[in-house]
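S.K.: quick one, fold the following:
(one chain, ligands or ions: 1)
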Amino acid sequence: MAENGCNDSRPESPKPTQSIDEKSLPVDSRTVPRDSLSPNTSCEEDKTPGSSRNGEELISRRFRLLARSYRERTQRVKRRFDLPPTPSTVSSEPEDNNCRTAPSSGAPSVTQLVHTVSKEWIPQDGSNSPGSPFVVEPQSCVYISWMSLVTASFLYNCFVIPLRTTFQSYQTPENTAMWWALDYSMDVIYFIDMVFVKPRIMFLDEGFWVKDSRRTSINYMKKTEFKMDVISLIPLDLLYFYFGADCVILRFPRILKVHSFWEFFNHFDKVSPSPYIVRTARTLTYMIYLVHINACAYYAVSLYEGIAINHWVYNGVGNAYIRCFYFAVKTATSIGKNPRPENEAEYLFMTACWLTGVFVFAILIGQIRDIIATATRSQTEYRKLMDETLDHLRKLNLPPRTLERVKTWFSYTWQQQHTLDESRVLGTLPHKMKTDVAIEVHISTLNKVQLFKDCDQALLRELVLKLRPVLYLPGDYICRKGEVGKEMYIVKSGQVQVVAGENGCDVIATLTEGSVFGEISLLQISGGNRRTADVRSNGFSNLFVLSKDDLNEALEFHPNAQEILKKKAKALMKENQAREARELRQKIREEMELLEKVGNPQTPTSKTPRLLPIVMKVLPPDSGPARLLKYGSKSTRHTKGRTRRLYTTTVAQTESHYLESSGKSQSLDFGLLESLAKNETVENQDPEYSDEVLQEECDVCKRARTKVECDVTVHREQ
Ligand SMILES: Nc1ncnc2c1ncn2[C@@H]1O[C@@H]2COP(=O)(O)O[C@H]2[C@H]1O
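M.R.: Numbers count the residues shown, from 1 in each chain. Below you'll find the model as predicted:
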């Protein structure tokens, strides 16, 4: 019997139902009412006359249910995907960026990367808060400008209310109309601020900017600010009708809008290019206000006791406010000679003034000192460091030129970066934010780096933080041929030259912004870790340095990028070898032509060759080749009735000397020349040489031999 009394003869539970594992169902399918899925239902239905009893209908109904629950689930997931990213992911989860900016087309470019970052900085709207055109962003210029107006109104009330309350000379029936006009203008500003502006300030809710004006109003009304705003606008001045128009103290609640003053300075501090000036202005306002209150209080006490009644009170001479303000400054700062108090009230007053002076003023003045010290701290540190370094170098008795170079480095670096250690400045930022900032800062350079064009985004993010800016002065050698390579470089600005020759007189290549160099030795492409060329700074050059360890660490997880780098470095090597061989051939050709002309004066072209004076200038005067060119040949030979001067053996030496003295690193190989002369097979025994280079040299030697028609007998001793 079935559990619910269903007949055993009832068609068997259909297969698909059994195959659906309940746990594997989406949440919804599991929350579908039990009775709609359970056999009970079918059992009930079985009993209903006219209802379908066959299993097919049951199966199709269950499939329909299943399909509906899947549909619902899909929609739910879709809705979740449609949610904008929260600002906390702003700083760039790389995975996120991939999703949003690089759909399928491989590695995104540097520009894409930066674009992604900067796009993410824009505040996102919450999905559940439809945007309203009338909401205001708290950091926007419009809002800060408005806040400056509200702050001005607040300061007006702050200063004018105590002034008119105590110095009655400023509150006369003649000027009442003017004061009222000003007072109510300020009240209008307060009112607009409370009713139209503050309720429309966007705010962050669970990481989303809420732009719905209804929600922004509710948010404002929940704050203490709102209550203070309401209290500050209480129209106590209606009591003027009772107390008279000169009872300005009734406007006292207007001073309670002090939070607007703080808010304005906080926002302005964040957006101002010189926050130190903003902070100093705020502290100075506090100080002046305290003195103002003090002056008003002094006048009030004087008035209470009687003007000029004794030596301490205001004597009624001159402008009352200016004299009282002067007295307040003197007592608060304890600078001048204060009149001696003559009764208890005066003693109490003076004590209060001094206490304010000692504590409040000391704190405020200290604050100003701190603000100024912070503003100039990095400059002070830079000066200190420079002085220390130069002092130390002077003690080492270094030549003035070196000191001058160090000084130039300091001042140029400061001028360029306004810090000597950029990484320390950015050190406090979270890692991802630091990466974003670094990419933003270095974007223009990275955009020009061909090497990074094909690298994937993750590698770039990893590398960018490891770049260390370095400055080189004009003529500085950044690396020397043969040194062990420990760093590679990217030109940020300026120019560097890849040079050859003894004094670096041959400029092989000039590298500008975005060029990369120093990678050959780092990746050991030339077979070793030695630099393959000298690189010199031509002018002031700002470079990024990437250490070998950092590069390797980054490349370890990016084998593709490593391949790209290697390929590029190999291409450079090949190019170098081909160029060197080409240059060598060219030089030999020129030399041979020159020697032919000098060595065979009988030929029509045997006048002094044009190149000879130049060669003579280039060669050291006492060198073999110079002597040879100056004093003629070593031997003569008579062939077919012609006298020919032969340089058979000295050609090779001349060649060698000449190449050496002109800064060429490669000269003719004597051994090779000899082997060729003897028609021996030449074998490559030097692992430093590729077969290609050896073949080049053989060709050169062969040509040298043929050119001077020498039956080469190399006498090393000559
Ligand atoms: N012909 C060339 N053109 C441009 N750069 C070069 C050339 N030859 C060498 N370099 C660079 O100069 C660098 C010197 O140090 P590395 O050998 O490590 O890597 C070298 C290359 O990056």
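S.K.: excluding chain neighbours, what is closest to residue 367?
M.R.: Excluding the flanking residues, the one nearest residue 367 by C-beta to C-beta, 6 or more residues apart in numbering is residue 283, at 5.0 Å. Quick note: C-beta positions are derived from backbone N, CA and C, even for glycine.
S.K.: per-residue confidence at the one you found?
M.R.: Here the pLDDT value assigned to residue 283 is 90.
S.K.: same check on the one 4 residues further on?
M.R.: Reading off the per-residue confidence, residue 287 sits at a pLDDT of 89.
S.K.: now residue 10
M.R.: For residue 10, the model assigns a pLDDT of 39.
S.K.: so which residues on the stretch 451-600 of the chain come close to the ligand?
M.R.: 479, 485, 498, 508-509, 517-522, 531-533, 535, 572, 575-576 (C-beta under 6 Å from any ligand atom).
S.K.: now with 5 Å, please.
M.R.: By C-beta under 5 Å from any ligand atom, the residues of the stretch 451-600 of the chain that approach the ligand are 485, 498, 508, 509, 517, 518, 520, 521, 531, 532, 533, 576.
S.K.: okay if I get those as JSON lines plus pLDDT?
M.R.: Below are those laid out as JSON lines (pLDDT from 0 to 100):
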{"residue": "485", "pLDDT": "89"}
{"residue": "498", "pLDDT": "91"}
{"residue": "508", "pLDDT": "84"}
{"residue": "509", "pLDDT": "86"}
{"residue": "517", "pLDDT": "88"}
{"residue": "518", "pLDDT": "88"}
{"residue": "520", "pLDDT": "85"}
{"residue": "521", "pLDDT": "86"}
{"residue": "531", "pLDDT": "88"}
{"residue": "532", "pLDDT": "85"}
{"residue": "533", "pLDDT": "88"}
{"residue": "576", "pLDDT": "75"}
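S.K.: which of those fall in helices?
M.R.: Of those, the ones assigned to helices by DSSP state H are 520, 521, 576.
S.K.: give me the number of residues near the residue lying closest to the second one once chain neighbours are set aside?
M.R.: Here the nearest residue to residue 521 in space, its sequence neighbours aside, is residue 485; by C-beta to C-beta, 6+ apart that works out to 2.7 Å. Summarising burial for residue 485: neighbours were counted as other C-beta atoms under 10 Å, giving 20.
S.K.: quick check: phi and psi at residue 485.
M.R.: phi -80, psi 120 (degrees, to the nearest 10).
S.K.: ok, it touching residue 522?
M.R.: Yes - look at residue 485 against residue 522 with C-beta atoms under 8 Å: they come within range, at 5.1 Å.
S.K.: quick check: neighbours shared by these two?
M.R.: 529, 548 (C-beta atoms under 8 Å, 6 or more residues apart in numbering).
S.K.: still on that earlier bit, please list only the buried members of the ones in helices among the residues of the stretch 451-600 of the chain next to the ligand.
M.R.: 520, 521, 576 (16 or more other C-beta atoms under 10 Å).
S.K.: about what we covered before: turn the ones in helices among the residues of the stretch 451-600 of the chain next to the ligand into TSV, including distance to residue 410.
M.R.: As requested, those are arranged in TSV below (distance: C-beta to C-beta, whole Å):
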residue	distance to residue 410
520	32
521	30
576	36
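S.K.: closest to residue 349 among those residues?
M.R.: Nearest to residue 349 among those: residue 521, at 80.1 Å, using C-beta to C-beta.
S.K.: how near is the closest one to residue 483?
M.R.: 8 Å (C-beta to C-beta, to the nearest Å).
S.K.: need the overlap of contacts for the two.
M.R.: Contacts common to residue 521 and residue 483, judged by C-beta under 8 Å, 6+ apart, are 530, 531.
S.K.: ok, and what's touching stretch 232-245?
M.R.: Contacts for stretch 232-245 (C-beta under 8 Å, 6+ apart): 173, 176, 180, 183, 187, 190-191, 194, 247, 250-257.
S.K.: residue 259 reaches residue 228, doesn't it?
M.R.: Yes - judged on C-beta under 8 Å, residue 259 makes contact with residue 228 at a distance of 6.0 Å.
S.K.: filter the contacts of stretch 232-245 down to the buried ones.
M.R.: Buried members of those, counted by 16+ other C-beta under 10 Å: 176, 183, 187, 190, 194, 247, 250, 251, 253, 254, 256, 257.
S.K.: next secondary structure after the host helix or strand of the second one?
M.R.: The secondary structure element spanning residue 183 is helix 176-192 (assigned by DSSP states H and E). Following the chain from helix 176-192 toward its C-terminal end, the next helix or strand by DSSP H and E is strand 203-205.
S.K.: list the contacts for the residue in the stretch 551-700 of the chain positioned nearest to the ligand?
M.R.: At 4.7 Å from the ligand, residue 576 is the closest residue in the stretch 551-700 of the chain, using C-beta to the nearest ligand atom. By C-beta under 8 Å, 6+ apart, the contact list for residue 576 reads 508, 532, 533.
S.K.: could I get the residues you listed as a markdown table with neighbour count?
M.R.: What follows is the contacts of residue 576, written out as a markdown table (neighbours: other C-beta atoms under 10 Å):
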| residue | neighbour count |
| --- | --- |
| 508 | 18 |
| 532 | 21 |
| 533 | 22 |
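S.K.: among those residues, which ones are in strands?
M.R.: residue 508 (DSSP state E).
S.K.: where's the residue nearest to residue 521 relative to residue 533, distance?
M.R.: Taken as C-beta to C-beta, the span from residue 485 to residue 533 is 11 Å.
S.K.: equivalent analysis for residue 471, please.
M.R.: Distance from residue 471 to residue 533, by C-beta to C-beta: 21 Å.
S.K.: what of residue 316?
M.R.: Where residue 533 is concerned, residue 316 sits at a distance of 89 Å (C-beta to C-beta).
S.K.: likewise for residue 150?
M.R.: Using C-beta to C-beta, one gets 66 Å for the distance from residue 150 to residue 533.
S.K.: repeat that for residue 389.
M.R.: Taking C-beta to C-beta as the measure, residue 389 and residue 533 are separated by 31 Å.
S.K.: same check on residue 423?
M.R.: Distance, residue 423 to residue 533, using C-beta to C-beta: 29 Å.
S.K.: repeat that for residue 282.
M.R.: Applying C-beta to C-beta, the value for residue 282 to residue 533 is 58 Å.
S.K.: next, count neighbours for residue 151.
M.R.: 20.
S.K.: pretty sure residue 514 belongs to a strand, no?
M.R.: No - using DSSP: H, G, I helix; E, B strand; the rest coil, the assignment for residue 514 is coil, not a strand.
S.K.: quick one: buried residues of stretch 435-446?
M.R.: 435, 436, 437, 438, 439, 442, 443, 445, 446.
S.K.: repeat for stretch 284-304
M.R.: For stretch 284-304, the neighbour count (16+ other C-beta under 10 Å) marks 287, 290-302 as buried.
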